[in-house]
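**Q** I would like the atomic coordinates for the input below:
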Amino acid sequence: MISVELLIIAGIGMVLGLLGPFGTYPMPLALRLSYWVGFTVAGYLIFRPITHAARWLQEMSNLPGILTLGLAVAVASLPLAFLVGYAINGMQFSGPMLGELFGILYLQCAGIGFAVTALMQQIFPRDGIPSGVHTGAVKSAPTGNEILSSPQEHAPVATEQRVRLLERLPPGFPSEILALSVEDHYVRVHADRRSEMLLMRLGDAIAEMDGIDGTQVHRSWWVATASVAHAIRRERNWRLVLKNGLEVPVARSQVAKLRKMGWIR
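**A** Model prediction:
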């Protein structure tokens with residue numbers, strides 16, 4: 001998917017090159033297009049890992065998405081503004097763009113960076129995550145600092161019901177789906193000892209579960225009720241352990257709901 005993102009970013013650079021904002025319109029067309037495409041791609045390479053880190057921060061802290069996005073843009077715009085100023089100054093560290101005009105250049109980079117980042121999140125939605133570093137399932141045995149908790153009696157999964165999501169999966173995929181998780185622009189479908197990736201939104205995948213009992217426990221995870229073996233707590237963080245051994249992170253905002261459901265005690 002990175003190649004698709006780069007293609008879109010290059011297209012945004014072409015549009016900016018044609019418009020020539022921030023005093024670049026007098027430049028020759030070819031130079032102006034090269035300027036904007038080059039710096040939008042450079043900005044993408046700087047912004048992408050930093051916005052992924054912001055998604056991780058939001059997942060771990062439950063901070064508002066707009067706050068973590070703004071923080072990511074503020075941080076990423078600094079090296080981008082320095083790179084642009086260095087180029088405009090003729091590949092020299094001395095000059096107005098890295099001196100008295102650097103503040104204006106930084107604000108311009110931040111404005112464009114925020115707009116492009118917000119647009120990319122609309123094009124590639126991640127169900128509210130700023131998508132970042134995936135806090136996926138990890139197998140591990142309980143240790144002494146974990147508090148074990150057993151969920152309520154679970155209703156059996158209606159394995160006789162052919163859920164629509166299975167029609168997207170390869171033949172022979174197990175009929176009992178345990179969980180769904182987000183990985184970048186994909187949804188990973190988890191079954192016992194097998195998983196597959198689908199290019200779709202988590203919300204759309206949940207809608208195709210056709211009434212199978214379950215709930216979304218994290219911005220990146222949906223879990224079937226019958227798949228939960230027990231819950232564990234490490235310090236302030238809860239995780240669900242599925243019957244195939246996978247551990248699923250629980251968002252702090254979902255703990256109260258899962259406690260009412262009997263999944264966490």
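
**Q** Just checking: what are the partner strands of the helix or strand hosting residue 248?
**A** Using DSSP states H and E, residue 248 sits within strand 247-249. Take DSSP bridges as the rule and strand 247-249 pairs in its sheet with strand 237-242 (antiparallel).

**Q** Now find how far off-centre the partner strand is within its chain.
**A** How far strand 237-242 lies from its chain's middle: 20 Å, per Cα atoms, centre = their mean, to the nearest Å.

**Q** Give me the buried positions along that strand.
**A** Residues 238, 239, 240, 241, 242 are the ones in strand 237-242 that count as buried (16 or more other Cβ atoms under 10 Å). For glycine as for every other residue, the C-beta is placed from the backbone atoms N, C-alpha and C.

**Q** Please apply the same query to stretch 209-221.
**A** In stretch 209-221, counting by 16+ other Cβ under 10 Å, buried: 209, 212, 214, 216, 217, 218, 219, 220, 221.

**Q** Look up the closest residue to the third one, ignoring the ones flanking it.
**A** This points to residue 214. residue 224 (4.1 Å; Cβ to Cβ, 6 or more residues apart in numbering).

**Q** Is the one you found in contact with residue 174, as I believe?
**A** No. Contact criterion Cβ atoms under 8 Å: residue 224 and residue 174 do not qualify, at 12.0 Å.

**Q** Could I get the full set of helices for the stretch 1-150 of the chain?
**A** For the stretch 1-150 of the chain, the helices defined by DSSP state H, counting those that start in this stretch occupy 2-19, 29-61, 65-88, 102-123.

**Q** now swap in the stretch 151-265 of the chain and tell me
**A** 202-207, 255-261.

**Q** so can I have TSV of those showing mean pLDDT?
**A** Formatted as TSV, the helices of the stretch 151-265 of the chain follow (pLDDT from 0 to 100):
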stretch	mean pLDDT
helix 202-207	92
helix 255-261	91
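
**Q** Pick the most deeply packed of these.
**A** Among the helices of the stretch 151-265 of the chain, helix 202-207 has the highest mean neighbour count (mean count of other Cβ atoms under 10 Å), at a mean of 17.

**Q** contacts for that helix?
**A** 126-127, 165, 180-182, 187, 189, 198, 214, 216, 220, 222 (Cβ atoms under 8 Å, 6 or more residues apart in numbering).

**Q** With only the CA atoms kept, save it in CSV.
**A** What follows is helix 202-207, C-alpha atoms only, in CSV (Å, rounded to 0.1, in the frame of the first residue of the first chain):
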residue,chain,number,x,y,z
LEU,A,202,-12.6,-3.0,10.3
GLY,A,203,-16.1,-1.6,10.5
ASP,A,204,-17.1,-3.2,7.1
ALA,A,205,-15.6,-6.5,8.2
ILE,A,206,-17.6,-6.4,11.5
ALA,A,207,-20.8,-5.7,9.5
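
**Q** starting at the chain centroid, how far to that helix?
**A** Taking mean C-alpha positions (Cα atoms, centre = their mean), helix 202-207 and its chain are 16 Å apart.

**Q** same check, this time on stretch 218-236
**A** With Cα atoms, centre = their mean, you get 19 Å for stretch 218-236.

**Q** got the end-to-end distance for it?
**A** Start-to-end span of stretch 218-236 (Cα to Cα, to the nearest Å) is 15 Å.

**Q** Give the buried residues for it.
**A** Using 16+ other Cβ under 10 Å as the burial criterion, the residues of stretch 218-236 that qualify are 218-233.

**Q** I'd say residue 193 and residue 244 touch.
**A** Yes. In terms of Cβ under 8 Å, residue 193 counts as a neighbour of residue 244; the distance is 6.6 Å.

**Q** neighbour-wise, which of these two wins?
**A** For residue 193 and residue 244, the more surrounded residue by other Cβ atoms under 10 Å is residue 244, and the numbers stand at 17 against 8.
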